[in-house]
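Engineer: model this:
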Amino acid sequence: VISYVRKAEHDLVVVILNFTPVVRHNYRIGVPSAGMYRVALNSDSSFYWGSNVEVGSALQAEPTPWMGRPYSLQLTLPPLAGLVLQRD
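Structural biologist: Just a heads-up that it's a prediction; the model follows:
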């Protein structure tokens, strides 16, 4: 699993890539700021012929420090897929 943040002025996106064939439930990643993170892209969607594992449409960042970041998200990672989360 690889995750990273891309920023442009006040906007940011979080990219999470799961290169394993296993669904990762309750996977936690660190994020730089509070707020809602909307799923902008789920490559596991049936629209892309994926397995359509349910990840939700938005996630609330928790004030739990993780991976050197002050906030974190806990989510389900679909197998062999990528997620792009956009902070609202």
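
Engineer: Show me the helices in this protein, by range?
Structural biologist: Assigned helices in the chain: none (criterion: DSSP state H).

Engineer: Show me where it has its strands.
Structural biologist: Using DSSP state E, the strands found in the chain span residues 2-8, 11-18, 24-31, 36-42, 58-60, 71-77, 81-87.

Engineer: for those strands, which one sits closest to Ser51?
Structural biologist: strand 81-87 (8.2 Å; CB to CB). (Glycine included, C-beta is placed from N, CA and C.)

Engineer: partner strands of the closest one, parallel or antiparallel?
Structural biologist: Sheet partners assigned to strand 81-87 using DSSP bridges are listed as strand 11-18 (antiparallel), strand 36-42 (antiparallel).

Engineer: what does that strand contact?
Structural biologist: Residues from elsewhere that reach strand 81-87, judged by CB atoms under 8 Å, 6 or more residues apart in numbering: 11-18, 31, 33, 35-44, 50, 53, 55, 59, 73, 75, 77.
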